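Chemist: What follows is a predicted protein model with its sequence.
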2 protein chains.
Amino acid sequence: FDSNSINKYPFPSEQIPRLSVADPETYRLIKESKPVIITDTNLVGSAAKWDLNYLHENLGKGLFYVYTSNTNKFKYYNSNRAEQCKSFVNPTERHHVTFPQFLQMLKRCSCTDEKVYLQQILNDTVGTNIVDDFLQFNWDWVNKCKAAFGWGQLSSNLLLIGLEGNITPVHYDEQENFFAQISGYKRCILFSPDQFDCLYPHPVAHPCDRQSQVDLSNPDYKRFPKFRNVRPTEAIVGPGDVLYIPMYWWHQIESLLSRGLPPVTVSVNFWYKGSALPDKIEYPLTPQQRVSVMRNVEKMLAAALDDPDKVGGLLRSIVEGRYT
Amino acid sequence: FDSNSINKYPFPSEQIPRLSVADPETYRLIKESKPVIITDTNLVGSAAKWDLNYLHENLGKGLFYVYTSNTNKFKYYNSNRAEQCKSFVNPTERHHVTFPQFLQMLKRCSCTDEKVYLQQILNDTVGTNIVDDFLQFNWDWVNKCKAAFGWGQLSSNLLLIGLEGNITPVHYDEQENFFAQISGYKRCILFSPDQFDCLYPHPVAHPCDRQSQVDLSNPDYKRFPKFRNVRPTEAIVGPGDVLYIPMYWWHQIESLLSRGLPPVTVSVNFWYKGSALPDKIEYPLTPQQRVSVMRNVEKMLAAALDDPDKVGGLLRSIVEGRYT
Ligand SMILES: [Zn+2]
Ligand SMILES: [Zn+2]
């Protein structure tokens, strides 16, 4: 990758440890819900051949969600909520297209400023070769991890095919994630869940729930003063690497420029439901549990008031001059 | 009463309507949870003779809660919580004394700056004459009111014997109240529940839960800027008057100076549980229901975090930069 494509940010960061699948330390970190890059897992080795040609021939005739953006940012939004919210301007456009149509869109990008990002859950419309590759993923290893850490079900595998330079802005997911890199390089910037106050997510009922309101490359310190305190941990992942992104950890993922290689990155997410709550809650709550409590307050109030737009007013009434 | 003892406040106010027990408008107001002074109820006519001498002879040998204050303000506090909260300074001192001891304390007040206020729930330690007077209260009328408005049980009758000049600072109760004046005059300043934002009650877990943090006679507009918007409704009640104080309505009660009469005011509260929730909640919520939701958020979070002192931090995390 082109090291000139590594953006400069106004905060210092640490490096995510990079450890072998055979290193016991790897599992200690996962157990503690700490990010780690795991090498030599062979998790998606069977997908190493997934270049655009192979995918074109084997992905089948199904439809794929493809997002287009006039910037290099692809901020996620809930499209159902976006439709209900008149004032919301979609940050990207979502298309439902065949794989050949996606390749057409990719070609067009080279002539325009438009960027494109395929993000599709793998399903049974894919061709038999892809099914074979999928079955040869290292399920033995991930299933053992799932069991060892008490995670819930595998909920989905998301295939991501991104143009170099694409950025998925900082957000958190409510699931455990093994992020498996297949081709190209991605920079992954992670923030622990105890940095919630620094990252100012949108309200829970907003289409951009779970996404930070802060633009890492141009933070608005007036609105988001505590962003000055963020301290990420980061790493660059390449083909064969698996990044463990713990549930509720914030992450921004940036496709790096590829220096002569094909200008796309290919990755697959393995999303697992979190572990069940312990029988006995211990206090103080973990930062993750605290975020979950905050989400529930926001959801409960939207229900109690029968209107998500009234949640802010009520919360301000509770807080202002009373808890300030 | 001495009209010079009416404090000047920096807000305009309306007058609470004063209507006869026979006026249908009285019941329309109560039905709508609006304050009203009701004349001619004869609710506590049998107590008209309750001067200090009569009470001395007939109240019995039971113990009475008597509060003393170095100012004229008697801000209520929960004494159990006050004991648990090291940093809390009791705004008044609470004593548990016989009625003769209370009379001694009253006498002492004339020589010192100390003020004294008896606030005791009527119970079965009182003498037979007081029991007779109590049984001759106009139960027929209050029971009919309770039924007509769908209120719950009578929870208690509080006897209040206050020195002239005493002030019970602005607070709300979670019950319906018929406030029956027996002797002396009290100024009652009420604020509707939709003025919650103007009155900044202490946090729910604070010993002064339900009490406004604002001193009406010396408001701190820096901390409590919306207090500028308060618009009370007020009245002076005298012997025989009954003031309906609707549940969740804010009220400050001030004993007026008595111009030659004995320097005490005597009142009895009739507190009723509020009506049951309707089968079908209508939206938007009433201001009363909104206060109830806010109280529940605060209580729920104190429980979820296992620590009331952590509620503020979590609420600020939810609100700041997100709902502001
Ligand atoms: Zn994510
Ligand atoms: Zn009261």
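Modeler: That came through, no problem. Ligands and ions are numbered 1, 2, ... in the order given.

Chemist: quick one: A:V131 is in a strand?
Modeler: No - read with DSSP: H, G, I helix; E, B strand; the rest coil, A:V131 is helix and lies in no strand.

Chemist: Can you read off the pLDDT for it?
Modeler: The per-residue pLDDT reported for A:V131 equals 97.

Chemist: what's around it, how many residues?
Modeler: By other C-beta atoms under 10 Å in any protein chain shown, the residues close to A:V131 number 14. C-betas here are computed from N, CA, C, even on glycine.

Chemist: Same check on the one 5 residues further on?
Modeler: A:Q136: 13 surrounding residues under other C-beta under 10 Å.

Chemist: go on, A:C109?
Modeler: Around A:C109 there are 16 residues (other C-beta under 10 Å).

Chemist: Could you report the separation of the one residue in the stretch 101-250 of chain A that gets nearest to chain B from A:N296?
Modeler: When scored by C-beta to the nearest C-beta, the stretch 101-250 of chain A has A:Y200 as its residue closest to chain B, at 4.2 Å. Using C-beta to C-beta, to the nearest Å, A:Y200 is found at 19 Å from A:N296.

Chemist: These two: which has the busier surroundings?
Modeler: Taking other C-beta under 10 Å, A:Y200 and A:N296 do not tie; A:Y200 has more neighbours (22 against 13).

Chemist: surely A:V204 meets A:A302?
Modeler: Yes - between A:V204 and A:A302 there is a contact under C-beta atoms under 8 Å: 7.5 Å.

Chemist: Quick check: neighbours shared by the two?
Modeler: Common contact partners of A:V204 and A:A302 (C-beta atoms under 8 Å, 6 or more residues apart in numbering or on different chains): none.

Chemist: Could you list the residues of the stretch 51-200 of chain A in contact with chain B?
Modeler: Contact residues (C-beta under 8 Å from any C-beta of the partner chain) of the stretch 51-200 of chain A with chain B: A:196-197, A:200.

Chemist: quick one: which of the residues you listed sit in strands?
Modeler: Counting by DSSP state E, these place none of their members in strands.

Chemist: TSV please, covering the residues you listed and showing pLDDT and distance to B:V237.
Modeler: As requested, these are exported to TSV (pLDDT from 0 to 100; distance: C-beta to C-beta, whole Å):
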residue	pLDDT	distance to B:V237
A:F196	98	51
A:D197	98	49
A:Y200	98	51
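
Chemist: Return the closest of these with respect to A:N129.
Modeler: Nearest to A:N129 among these is A:F196, at 43.3 Å by C-beta to C-beta.

Chemist: Okay, that closest one and A:I253: tell me how far apart.
Modeler: A:F196 is 19 Å from A:I253, by C-beta to C-beta.

Chemist: What of A:K280?
Modeler: For A:K280, the distance to A:I253 - C-beta to C-beta - is 36 Å.

Chemist: neighbour count winner among those two?
Modeler: A:I253 (24 against 5).

Chemist: pretty sure that one is touching A:L190, no?
Modeler: No - assessed by C-beta under 8 Å, A:I253 is found out of contact with A:L190, at 9.6 Å.

Chemist: Which elements pack onto the helix or strand harbouring A:L190?
Modeler: Assessed by DSSP states H and E, A:L190 sits inside strand A:186-191. Helices and strands touching strand A:186-191, by 3 or more C-beta pairs under 8 Å, 6 or more residues apart in numbering or on different chains; DSSP states H and E, are strand A:233-237, strand A:242-245, strand A:250-255.
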